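Engineer: let's see this in three dimensions:
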Amino acid sequence: MAELPENIVETLERYRNPPNKLRSLQEINARYKLTLENYKKICLTSGDVRDQKIATHAEIKILGWVLGKPDKDVIKDIAENSNRVIFPPQ
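Structural biologist: Numbering: from 1, shown residues only. Next up is the predicted model:
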């Protein structure tokens, strides 16, 4: 019998032992907070970081959605970790 190409063997192995697993709520919450901190660092960085800001912003929104946070709360969290004012203080 002929041997299978290496990439097919790797694919079959990944299928049998998937690398992805469900994350706990604590892990997702920790990732959410870490991503907010990264967003804060990106906002304080000078230079062309627009693509990084967009990607990080999207990740924060998705993690907030997974956590079940209302969109307004997620945007408020982003604003608190940004260097620009989205919501004026009341």
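Engineer: at the geometric centre of the protein, which residue sits there?
Structural biologist: The chain has residue 59 as the residue nearest its centroid, 3.3 Å off, counting by Cα atoms, centre = their mean.
Engineer: list the buried ones in whichever strand or helix holds residue 51?
Structural biologist: Per DSSP states H and E: residue 51 is located in helix 50-67. Applying a neighbour-count criterion of 16 or more other Cβ atoms under 10 Å, the buried positions in helix 50-67 are 52, 56-57, 59-60, 63-64. C-beta here means a position set from N, CA and C on the backbone, and glycine is covered the same way.
Engineer: pLDDT below threshold where in this structure?
Structural biologist: Counting by pLDDT under 70, the chain has low-confidence residues at 1-6, 18-20, 84-90.
Engineer: need the nearest residue in space to residue 63, chain neighbours excluded.
Structural biologist: With sequence-adjacent residues excluded and distances taken as Cβ to Cβ, 6 or more residues apart in numbering, residue 63 is closest to residue 32, at 4.3 Å.
Engineer: so what secondary structure elements neighbour the helix or strand hosting that neighbour?
Structural biologist: Using DSSP H and E, residue 32 sits in helix 25-44. Helix 25-44 sits against helix 50-67, helix 71-80, with contacts defined as 3 or more Cβ pairs under 8 Å, 6 or more residues apart in numbering; DSSP states H and E.
Engineer: can you rerun that using 6 Å?
Structural biologist: helix 50-67 (3 or more Cβ pairs under 6 Å, 6 or more residues apart in numbering; DSSP states H and E).
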